[in-house]
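# sharing a sequence plus its predicted fold:
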Amino acid sequence: MEPVKTAKTGRVDAEAAAPAKAVKPAKAAKVAPPAKAVRSATSVAPAKVAKSAAPATVVKAAKPESRLAMIRRARKINRELAEVFPYAHPELDFRNPFELLVATVLSAQTTDLRVNQTTPALFAKYPTPEDLAAAVPEEVEELIRPTGFFRAKTKSIMGLAASLRDDFGGEVPGRLEDLVKLPGVGRKTAFVVLGNAFGVPGITVDTHFMRLVRRWKWTEQEDPVKIEAEIAEIFPKSEWTMLSHRVIFHGRRICHARKPACGACPITHLCPSYGEGETDPEKARKLLKYEMGGFPGQRLDPPPGYPGRPAPPLGASGGARA
């Protein structure tokens with residue numbers, strides 16, 4: 001009987017040892033599931049952290065600027081631009097309202113520099129509305145050809161000259177409602193003339209002005225008339241004309257359409273679009289134009305106090321284009 005017991009005891013001992021051997025299957029369990037579980041847990045953790053961190057970042061960035069804060073920022077930009085460009089002025093050469101009106105019409109789809117290089121010969125031959133109205137169209141076309149779209153522009157300036165002769169006694173009217181009735185004259189052109197020839201405040205919404213006021217988040221409008229109305233609510237009327245000059249000066253010299261010189265801009269601390277252009281100071285300085293970049297300006301006959309060099313006449317080399 002004892003041997004049997006001994007055999008039984010052996011069986012019992014074998015069974016007792018079995019669990020220890022059963023640990024070997026645990027090797028299989030050790031191979032895949034736990035290791036994968038660990039990797040999966042590790043990959044989930046960062047996602048959870050990112051998830052919990054994201055809302056705080058988004059909330060901070062998405063906090064909207066109040067209208068009052070925007071108005072204060074906009075007015076501060078205007079004040080600081082006044083310090084940067086105390087000499088801001090209309091960049092078309094003119095001696096009277098008629099010359100300014102014609103030059104402004106010619107400036108469509110070209111630079112003020114090219115207009116200034118073209119108008120001396122035009123005004124020498126046709127100094128008054130009566131002279132221009134009686135001109136031979138082909139001769140006018142040849143004179144203004146460098147400004148582009150010369151046939152359409154000839155029709156406009158000869159048409160407005162005839163209207164000035166026939167309806168206004170040869171004088172440029174000083175009212176918006178009269179100016180916009182003239183051929184080729186819209187609100188932008190009318191405000192240029194009113195603000196700079198008659199001292200009547202107005203906002204000139206050209207391509208530079210439109211680009212910058214949208215970059216600065218003063219408006220989201222795209223229509224020039226709506227932009228004009230919204231900006232007029234931000235600034236007092238007395239600032240409208242000079243505001244236009246400062247913004248346009250800044251757009252031509254620093255805040256360009258394709259490559260804004262962000263790294264050389266004096267109002268980056270007020271600009272919500274900082275970083276759209278070149279931020280490296282050295283590279284940004286190379287993008288500056290006109291007097292800011294050491295080049296001639298747009299006027300052949302700049303006003304007193306202009307810090308840059310006069311533009312060269314037609315055919316001469318030099319000058320930065322905008």
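Happy to help now that I have it.

# name the surrounding residues that touch the helix or strand harbouring residue 225.
Assigned by DSSP states H and E, residue 225 falls within helix 224-234. With contacts defined as CB atoms under 8 Å, 6 or more residues apart in numbering, helix 224-234 is touched by 70-71, 74-75, 187-188, 203, 205, 209-210, 213, 218-219, 221, 240, 243. Glycine gets a C-beta too; all of them are placed from N, C-alpha and C.

# in ChimeraX, select just the buried ones from those.
Restricted to buried positions by 16 or more other CB atoms under 10 Å, the ChimeraX selection for the contacts of helix 224-234 reads:
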select :70,74,187,188,203,205,209,210,213,218,219,221,240,243
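
# filter the contacts of helix 224-234 down to the ones in helices?
70, 71, 74, 75, 187, 188, 209, 210, 213, 240, 243 (DSSP state H).

# which non-adjacent residue is nearest residue 76?
If the residues on either side of it in the chain are set aside, residue 76 comes closest to residue 270, at 5.9 Å by CB to CB, 6 or more residues apart in numbering.

# what's near enough to touch the one you found?
Neighbour list for residue 270: 73, 76, 77, 80, 216 [criterion: CB under 8 Å, 6+ apart].

# can you list these in JSON lines and add neighbour count and distance to residue 124?
Formatted as JSON lines, the contacts of residue 270 follow (neighbours: other CB atoms under 10 Å; distance: CB to CB, whole Å):
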{"residue": "73", "neighbour count": "20", "distance to residue 124": "47"}
{"residue": "76", "neighbour count": "13", "distance to residue 124": "45"}
{"residue": "77", "neighbour count": "21", "distance to residue 124": "41"}
{"residue": "80", "neighbour count": "16", "distance to residue 124": "41"}
{"residue": "216", "neighbour count": "19", "distance to residue 124": "41"}
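
# ok, so of these, who is nearest residue 140?
Distance to residue 140 across those (CB to CB) is lowest for residue 216, with 40.0 Å.

# so for that closest one, what's the pLDDT?
As predicted, residue 216 sits at a pLDDT of 98.

# ok, which stretches of this structure are strands?
Counting by DSSP state E, one finds no strands in the chain.

# show me which of the contacts of helix 224-234 is closest to residue 155.
Nearest to residue 155 among the contacts of helix 224-234, with distances taken as CB to CB, is residue 188, at 18.8 Å.

# how close does the closest one get to residue 292?
Going from residue 188 to residue 292 by CB to CB, to the nearest Å gives 24 Å.

# one more: residue 245?
Residue 245 is 15 Å from residue 292, where distance means CB to CB.

# quick one on the thing from earlier: just how off-centre is the helix holding residue 225 within its chain?
How far helix 224-234 lies from its chain's middle: 16 Å, per CA atoms, centre = their mean, to the nearest Å.

# give me the buried positions along that helix.
Per 16+ other CB under 10 Å, helix 224-234 contains these buried residues: 224, 227, 228, 231, 232, 234.

# for residue 89, which non-adjacent residue is closest in space?
Nearest non-adjacent residue to residue 89 (CB to CB, 6+ apart): residue 303, at 5.3 Å.

# how many neighbours does that neighbour have?
11 (other CB atoms under 10 Å).

# between the buried residues of helix 224-234, which is nearest residue 63?
residue 234 (20.9 Å).

# distance of the closest one from residue 193?
Taking CB to CB, one finds residue 234 at 23 Å from residue 193.

# ok, residue 86 to residue 303 distance?
Counting by CB to CB - residue 86 and residue 303 are separated by 12 Å.

# sorry, wrong one. I was asking about residue 165.
Taking CB to CB as the measure, residue 165 falls 30 Å from residue 303.

# many thanks, I have nothing further to ask.
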